[in-house]
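J.: Sequence and predicted structure, then a few things I'm wondering about:
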Amino acid sequence: MLDNALLESFLAVVEEGSFTQAAERLGLTQSSVSQHIKRLETQVGRSLLHRSTHRVGLLPDGERLLVHARRILGAVMEAERAFGAPMVSGHVSVGVAEDFATSRLPDILRRFRRFYPHVILQIEIGLSANLIDKLHAGFFDVILAKTRTPSEGAEPLMTDQLMWVAAPDEPMLYAQRPLPLALHPEPSISRRMVIEALHAAAIPFQIAHTSLSITGLRAGIVAGLGISVFGRSFIPEGLLIIDEAEAGLPRLPSLPFVVELQKGAEGSPAVQALVQAIRENVAMLDRHFDP
């Protein structure tokens, strides 16, 4: 029988790409996490992870086990919720960055509604910088957003590597100068990171297409108006990742996501239930790794 504690360590190492970071996430020592992985490999009779200088990667048997680990731990979480969650009610105003809204939010809401049917959620989708400003102005109880400089009290949720992307039919747009870009308008955080990186690399560019929505941004990219950037876990369907080394483009930084609560909202059981649902969903995020 597989030990859930071993599976939790395995999942943490895979998602963090590091034994050190996995240990920090789990509140364990690095040696304890290493021992968990060794015990798990003994239990299944397979080698699961490839350890290199920079990252930890999955071997084929590790890929197979990852699917089962997420399913098992997800079922355990649901059982704990079903039999241990108190009756919670109330109203929660939520701001969500569109990256999450178009990918993870439906699953978060589906699971949350199953366990907390008496909580009313009011959700606004938008650019992260705007959501943060509105939270501080008192418009939201909680936000899930991107930020380069987290406010005091914001909880780091995950980081996701920004990747250059293009339309499959227009893979060589990256060679044009000035470089045509399709980006969100100000005050987009990813837009600022792209512009800073291109200035630092002395690459001339022009912003050929803008859209507040990812749907509109994707349409411009697919039409060949410009290349763009997305977090690796949130790349819209049908777009091609550009190899920045081959294209001569600067490597972009990782994009941090945080959960931040309105002051005074910490004591709300409904808010805390939603935040926990977000944490659990991200813990099961099907993370991709850099080559």
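T.: Cool, the structure landed. Numbering: from 1, shown residues only.
J.: what comes into contact with the biggest helix by length in the chain?
T.: Taking DSSP state H as the criterion, the chain has its longest helix at helix 60-84. The list of residues contacting helix 60-84 from outside it, by Cβ atoms under 8 Å, 6 or more residues apart in numbering, reads 2, 4, 7-8, 10-11, 14, 44, 46-49, 58, 111, 115, 280, 283-284, 286. In short, each C-beta sits where N, CA and C put it, glycine included.
J.: Could you confirm L2 falls within a helix?
T.: No: if the criterion is DSSP: H, G, I helix; E, B strand; the rest coil, then L2 is coil and not within a helix.
J.: Off-centre distance for the longest helix of the chain?
T.: Its chain's C-alpha centre and that of helix 60-84 lie 19 Å apart, by Cα atoms, centre = their mean, to the nearest Å.
J.: can you pull the buried residues of that helix?
T.: Using 16 or more other Cβ atoms under 10 Å as the burial criterion, the residues of helix 60-84 that qualify are 62, 65-66, 69-70, 72-73, 77, 81.
J.: do the same with stretch 108-115
T.: Counting neighbours by 16+ other Cβ under 10 Å, one finds that the buried residues in stretch 108-115 are 108-109, 111-112, 115.
J.: pLDDT of it, averaged?
T.: Mean pLDDT, stretch 108-115: 79.
J.: How far off centre is that stretch?
T.: Using Cα atoms, centre = their mean, the distance from the centre of stretch 108-115 to the centre of the chain it belongs to is 19 Å.
J.: Output the buried residues of stretch 108-115 as JSON lines; include the columns secondary structure and distance to V96.
T.: As requested, these are exported to JSON lines (DSSP: H, G, I helix; E, B strand; the rest coil; distance: Cβ to Cβ, whole Å):
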{"residue": "I108", "secondary structure": "helix", "distance to V96": "9"}
{"residue": "L109", "secondary structure": "helix", "distance to V96": "10"}
{"residue": "R111", "secondary structure": "helix", "distance to V96": "15"}
{"residue": "F112", "secondary structure": "helix", "distance to V96": "13"}
{"residue": "F115", "secondary structure": "helix", "distance to V96": "19"}
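J.: With that, I have no additional questions.
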